[in-house]
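> structure for the following, please:
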Amino acid sequence: MADEDSAELRSTLHKRHNVLAALATEPQTKPDLVDAIAPSRSTIDRAISALEDAGCIERRDSTYYLTQLGRVSLAEHNRHTKTVDSIARASDILDSVSTDVHIDPVFFSGVSAQTADPHAPESPLKDSIEALKTTDRLVGLVPVILSVYIEALTDLIREHDIKAELLLHENAFDSLLEHYQDQFGKIDITDHIDFYVTDQDLPYTLWITEHDESSRADITVHENGGVRGVLMNDTPAALQWVRDEFAEYLETADPVTVDLIGSGESLDGGDFG
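This next block holds a predicted model:
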(Lines give C-alpha, C1' and ligand atoms only; values in the text may rest on other atoms or scores of the structure.)
Protein backbone atom coordinates (compact mmCIF):
# COMPACT_ATOMS: atom_id res chain seq x y z
CA MET A 1 0.00 0.00 0.00
CA ALA A 2 2.83 2.38 0.85
CA ASP A 3 4.40 1.81 -2.60
CA GLU A 4 1.06 2.53 -4.28
CA ASP A 5 0.64 5.73 -2.26
CA SER A 6 4.16 6.81 -3.17
CA ALA A 7 3.58 6.16 -6.87
CA GLU A 8 0.28 8.06 -6.77
CA LEU A 9 1.90 11.03 -5.04
CA ARG A 10 4.72 11.14 -7.62
CA SER A 11 2.19 11.02 -10.46
CA THR A 12 0.07 13.76 -8.90
CA LEU A 13 3.08 16.01 -8.35
CA HIS A 14 4.19 15.53 -11.95
CA LYS A 15 0.77 16.43 -13.33
CA ARG A 16 -0.44 19.02 -10.82
CA HIS A 17 2.67 20.81 -9.51
CA ASN A 18 1.57 24.05 -11.21
CA VAL A 19 -1.49 24.20 -8.94
CA LEU A 20 0.69 23.59 -5.88
CA ALA A 21 3.04 26.33 -7.05
CA ALA A 22 0.13 28.76 -7.38
CA LEU A 23 -1.12 27.93 -3.89
CA ALA A 24 2.42 28.29 -2.50
CA THR A 25 2.22 32.02 -3.24
CA GLU A 26 -1.05 32.41 -1.32
CA PRO A 27 -4.29 30.49 -0.63
CA GLN A 28 -6.73 30.74 -3.54
CA THR A 29 -10.24 29.86 -4.61
CA LYS A 30 -11.09 27.82 -7.72
CA PRO A 31 -11.82 30.97 -9.77
CA ASP A 32 -8.48 32.39 -8.60
CA LEU A 33 -6.70 29.25 -9.80
CA VAL A 34 -8.47 29.32 -13.16
CA ASP A 35 -7.35 32.93 -13.65
CA ALA A 36 -3.78 32.17 -12.50
CA ILE A 37 -3.20 28.97 -14.44
CA ALA A 38 -5.65 29.55 -17.31
CA PRO A 39 -6.81 26.02 -18.17
CA SER A 40 -10.48 25.10 -18.10
CA ARG A 41 -12.51 24.94 -14.89
CA SER A 42 -12.80 21.17 -15.33
CA THR A 43 -8.99 20.87 -15.37
CA ILE A 44 -8.77 22.76 -12.07
CA ASP A 45 -11.55 20.57 -10.62
CA ARG A 46 -9.59 17.42 -11.48
CA ALA A 47 -6.35 18.86 -10.12
CA ILE A 48 -7.95 19.88 -6.84
CA SER A 49 -9.58 16.49 -6.45
CA ALA A 50 -6.28 14.68 -7.04
CA LEU A 51 -4.32 16.97 -4.71
CA GLU A 52 -6.91 16.64 -1.94
CA ASP A 53 -6.85 12.85 -2.27
CA ALA A 54 -3.06 12.94 -2.04
CA GLY A 55 -3.23 15.10 1.09
CA CYS A 56 -1.36 18.00 -0.51
CA ILE A 57 -4.08 20.64 -0.17
CA GLU A 58 -7.06 21.30 2.07
CA ARG A 59 -10.20 23.41 1.72
CA ARG A 60 -11.27 26.00 4.25
CA ASP A 61 -14.60 27.51 3.31
CA SER A 62 -14.14 28.17 -0.44
CA THR A 63 -10.36 28.68 -0.30
CA TYR A 64 -7.63 26.09 -0.84
CA TYR A 65 -4.41 25.92 1.19
CA LEU A 66 -1.24 23.86 0.96
CA THR A 67 -0.89 21.27 3.68
CA GLN A 68 2.51 20.57 5.23
CA LEU A 69 2.76 17.52 2.97
CA GLY A 70 1.96 19.66 -0.05
CA ARG A 71 4.58 22.26 0.82
CA VAL A 72 7.33 19.70 1.41
CA SER A 73 6.36 17.70 -1.70
CA LEU A 74 6.44 20.80 -3.90
CA ALA A 75 9.88 21.79 -2.58
CA GLU A 76 11.23 18.30 -3.28
CA HIS A 77 9.64 18.24 -6.73
CA ASN A 78 11.27 21.58 -7.56
CA ARG A 79 14.64 20.38 -6.26
CA HIS A 80 14.42 17.19 -8.32
CA THR A 81 13.39 19.10 -11.44
CA LYS A 82 16.30 21.51 -11.02
CA THR A 83 18.74 18.62 -10.64
CA VAL A 84 17.42 16.83 -13.72
CA ASP A 85 17.61 20.07 -15.71
CA SER A 86 21.24 20.48 -14.62
CA ILE A 87 22.04 16.90 -15.62
CA ALA A 88 20.48 17.53 -19.03
CA ARG A 89 22.70 20.60 -19.52
CA ALA A 90 25.73 18.48 -18.59
CA SER A 91 24.77 15.52 -20.79
CA ASP A 92 27.33 16.23 -23.54
CA ILE A 93 30.09 16.31 -20.93
CA LEU A 94 28.88 13.22 -19.09
CA ASP A 95 28.92 11.23 -22.33
CA SER A 96 32.73 11.31 -22.06
CA VAL A 97 32.81 9.90 -18.52
CA SER A 98 33.12 6.13 -18.19
CA THR A 99 29.99 4.36 -16.99
CA ASP A 100 32.19 2.77 -14.30
CA VAL A 101 32.70 6.20 -12.70
CA HIS A 102 30.22 7.33 -10.05
CA ILE A 103 29.45 11.04 -9.74
CA ASP A 104 27.00 11.55 -6.92
CA PRO A 105 23.75 13.19 -8.11
CA VAL A 106 24.17 15.74 -5.31
CA PHE A 107 26.90 17.33 -7.42
CA PHE A 108 24.37 18.20 -10.12
CA SER A 109 22.03 20.21 -7.90
CA GLY A 110 23.04 23.76 -8.75
CA VAL A 111 25.79 22.73 -11.19
CA SER A 112 26.98 24.94 -14.05
CA ALA A 113 28.24 23.26 -17.20
CA GLN A 114 30.49 24.57 -19.96
CA THR A 115 31.08 22.38 -22.99
CA ALA A 116 34.18 22.82 -25.14
CA ASP A 117 33.97 24.56 -28.49
CA PRO A 118 35.73 22.40 -31.13
CA HIS A 119 37.43 25.57 -32.39
CA ALA A 120 38.48 26.68 -28.88
CA PRO A 121 38.96 23.43 -26.92
CA GLU A 122 40.30 25.09 -23.76
CA SER A 123 37.54 27.73 -23.60
CA PRO A 124 35.60 25.99 -20.76
CA LEU A 125 38.69 26.33 -18.53
CA LYS A 126 38.42 30.12 -18.40
CA ASP A 127 36.28 30.22 -15.25
CA SER A 128 38.42 27.55 -13.57
CA ILE A 129 41.58 29.52 -14.25
CA GLU A 130 39.99 32.70 -12.90
CA ALA A 131 39.04 30.80 -9.73
CA LEU A 132 42.60 29.50 -9.42
CA LYS A 133 43.99 33.03 -9.65
CA THR A 134 42.18 34.13 -6.48
CA THR A 135 42.38 30.98 -4.36
CA ASP A 136 44.13 30.75 -1.01
CA ARG A 137 44.02 26.96 -0.83
CA LEU A 138 43.81 24.42 -3.61
CA VAL A 139 43.09 20.69 -3.68
CA GLY A 140 43.17 18.76 -6.93
CA LEU A 141 43.15 15.45 -8.79
CA VAL A 142 45.37 15.71 -11.85
CA PRO A 143 45.18 12.93 -14.47
CA VAL A 144 46.80 15.03 -17.21
CA ILE A 145 49.06 18.07 -17.31
CA LEU A 146 47.76 21.15 -19.13
CA SER A 147 49.99 24.18 -19.68
CA VAL A 148 47.23 26.61 -18.68
CA TYR A 149 47.09 25.03 -15.21
CA ILE A 150 50.86 25.14 -14.83
CA GLU A 151 50.90 28.83 -15.74
CA ALA A 152 48.14 29.59 -13.24
CA LEU A 153 49.88 27.61 -10.48
CA THR A 154 53.24 29.27 -10.99
CA ASP A 155 51.60 32.70 -10.98
CA LEU A 156 49.81 31.82 -7.75
CA ILE A 157 53.03 30.76 -6.06
CA ARG A 158 54.82 33.91 -7.19
CA GLU A 159 52.07 36.30 -6.16
CA HIS A 160 50.21 34.62 -3.28
CA ASP A 161 51.01 32.55 -0.23
CA ILE A 162 48.91 29.59 -1.29
CA LYS A 163 48.83 26.03 -0.03
CA ALA A 164 47.96 23.20 -2.40
CA GLU A 165 47.54 19.43 -2.32
CA LEU A 166 47.86 17.87 -5.76
CA LEU A 167 47.25 14.18 -6.40
CA LEU A 168 48.64 13.17 -9.79
CA HIS A 169 48.48 10.02 -11.82
CA GLU A 170 52.03 8.68 -12.10
CA ASN A 171 52.11 9.41 -15.85
CA ALA A 172 51.04 13.01 -15.23
CA PHE A 173 53.74 13.30 -12.58
CA ASP A 174 56.36 12.04 -15.03
CA SER A 175 55.15 14.62 -17.57
CA LEU A 176 55.38 17.36 -14.97
CA LEU A 177 59.02 16.53 -14.31
CA GLU A 178 59.86 16.09 -17.96
CA HIS A 179 58.21 19.15 -19.46
CA TYR A 180 57.85 21.72 -16.67
CA GLN A 181 60.92 21.27 -14.51
CA ASP A 182 62.47 24.50 -15.77
CA GLN A 183 59.28 26.47 -15.22
CA PHE A 184 58.80 25.20 -11.69
CA GLY A 185 62.53 25.39 -11.05
CA LYS A 186 62.37 29.20 -11.10
CA ILE A 187 60.17 29.23 -7.99
CA ASP A 188 60.12 27.48 -4.64
CA ILE A 189 57.20 25.06 -4.73
CA THR A 190 58.16 22.86 -1.79
CA ASP A 191 56.65 25.28 0.76
CA HIS A 192 53.43 25.59 -1.23
CA ILE A 193 52.51 22.27 -2.84
CA ASP A 194 52.20 18.79 -1.35
CA PHE A 195 52.43 16.21 -4.13
CA TYR A 196 50.87 12.74 -4.09
CA VAL A 197 51.19 10.11 -6.80
CA THR A 198 48.93 7.17 -7.62
CA ASP A 199 48.78 4.47 -10.26
CA GLN A 200 44.99 4.39 -9.97
CA ASP A 201 43.16 5.85 -12.96
CA LEU A 202 41.81 9.33 -12.29
CA PRO A 203 38.58 9.81 -14.29
CA TYR A 204 38.70 13.60 -14.42
CA THR A 205 40.55 16.67 -13.22
CA LEU A 206 39.05 17.88 -9.98
CA TRP A 207 39.73 21.19 -8.25
CA ILE A 208 38.54 22.57 -4.94
CA THR A 209 39.41 26.27 -4.72
CA GLU A 210 39.01 28.13 -1.44
CA HIS A 211 39.15 31.90 -1.04
CA ASP A 212 38.17 33.71 2.17
CA GLU A 213 34.85 32.09 3.09
CA SER A 214 33.93 30.91 -0.41
CA SER A 215 34.75 27.56 -2.02
CA ARG A 216 34.03 25.96 -5.36
CA ALA A 217 34.51 22.57 -6.95
CA ASP A 218 35.29 22.08 -10.64
CA ILE A 219 35.34 18.80 -12.54
CA THR A 220 37.09 18.91 -15.91
CA VAL A 221 36.26 15.98 -18.18
CA HIS A 222 38.88 15.10 -20.80
CA GLU A 223 38.46 13.41 -24.14
CA ASN A 224 41.24 12.27 -26.47
CA GLY A 225 43.76 14.31 -24.50
CA GLY A 226 41.69 17.49 -24.76
CA VAL A 227 38.91 19.10 -22.75
CA ARG A 228 35.34 17.93 -23.21
CA GLY A 229 33.84 20.30 -20.66
CA VAL A 230 33.79 21.62 -17.11
CA LEU A 231 31.21 21.15 -14.35
CA MET A 232 31.21 23.74 -11.54
CA ASN A 233 29.37 23.78 -8.22
CA ASP A 234 29.70 25.75 -4.99
CA THR A 235 26.88 24.25 -2.92
CA PRO A 236 27.85 22.80 0.48
CA ALA A 237 26.54 19.33 -0.41
CA ALA A 238 28.51 19.21 -3.67
CA LEU A 239 31.68 20.47 -1.97
CA GLN A 240 31.37 17.83 0.74
CA TRP A 241 31.03 15.07 -1.84
CA VAL A 242 34.09 16.35 -3.74
CA ARG A 243 36.16 16.52 -0.53
CA ASP A 244 35.14 12.96 0.31
CA GLU A 245 36.02 11.89 -3.24
CA PHE A 246 39.48 13.45 -2.97
CA ALA A 247 40.05 11.81 0.42
CA GLU A 248 39.15 8.41 -1.05
CA TYR A 249 41.67 8.78 -3.88
CA LEU A 250 44.25 10.06 -1.41
CA GLU A 251 44.14 6.70 0.36
CA THR A 252 45.58 5.06 -2.79
CA ALA A 253 48.38 7.61 -3.22
CA ASP A 254 51.90 8.06 -1.87
CA PRO A 255 53.33 11.44 -0.86
CA VAL A 256 56.41 12.50 -2.80
CA THR A 257 58.76 15.39 -2.21
CA VAL A 258 60.57 16.44 -5.34
CA ASP A 259 63.39 18.81 -6.18
CA LEU A 260 62.29 20.23 -9.51
CA ILE A 261 65.38 22.40 -9.61
CA GLY A 262 67.58 19.33 -9.49
CA SER A 263 67.40 15.93 -11.09
CA GLY A 264 63.71 15.27 -10.62
CA GLU A 265 64.36 12.57 -8.04
CA SER A 266 62.13 12.31 -4.99
CA LEU A 267 63.88 13.27 -1.78
CA ASP A 268 62.62 10.11 -0.15
CA GLY A 269 64.67 7.98 -2.54
CA GLY A 270 62.18 7.04 -5.30
CA ASP A 271 62.95 7.97 -8.89
CA PHE A 272 60.09 9.61 -10.81
CA GLY A 273 62.17 11.38 -13.46
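> give me the local confidence score for W241.
W241 carries a pLDDT value of 94.
> where does it sit: helix, strand or coil?
Of the three states, W241 takes helix according to DSSP: H, G, I helix; E, B strand; the rest coil.
> and it, how many neighbours?
Look at W241: counted by other Cβ atoms under 10 Å, it has 18 neighbours. C-beta: built from backbone N, CA, C; applies to glycine.
> how far does the strand ranked longest in the chain sit from its chain's centre?
Looking across the chain with DSSP state E, the single longest strand is strand 214-223. Relative to its chain's centre, strand 214-223 lies at 7 Å (Cα atoms, centre = their mean, to the nearest Å).
> okay, now the sheet partners of it, with direction.
Taking DSSP bridges as the criterion, strand 214-223 forms sheet pairs with strand 205-211 (antiparallel), strand 226-233 (antiparallel).
> residues making contact with the first one?
So the one you mean is strand 205-211. Strand 205-211 has contacts (Cβ atoms under 8 Å, 6 or more residues apart in numbering) with 128, 131-132, 134-144, 149, 215-220, 222, 239, 242-243, 245-246.
> now, of these, which are buried?
Among the contacts of strand 205-211, the ones that count as buried by 16 or more other Cβ atoms under 10 Å are 128, 131-132, 135, 138-144, 149, 215-220, 222, 239, 242, 245-246.
> if we can go back for a sec, average pLDDT across the longest strand of the chain?
Strand 214-223 carries an average pLDDT of 89.
> repeat that for stretch 97-111.
Throughout stretch 97-111, pLDDT has a mean value of 87.
> could I get the buried residue list for it?
In stretch 97-111, counting by 16+ other Cβ under 10 Å, buried: V97, I103, V106, F107, F108, S109, G110, V111.
> among the residues you listed, which ones are in helices?
Among the buried residues of stretch 97-111, no member falls in helices (DSSP state H).
> identify the farthest-apart pair in those residues.
Maximum pairwise distance among these (Cβ to Cβ): 19.0 Å, between V97 and G110.
> helices or strands up against the lengthiest helix in the chain?
The residue-count maximum for a helix in the chain (DSSP H) belongs to helix 2-25. Packed against helix 2-25 by the contact rule (3 or more Cβ pairs under 8 Å, 6 or more residues apart in numbering; DSSP states H and E) you find helix 30-37, helix 41-53, strand 57-60, strand 63-66, helix 68-89.
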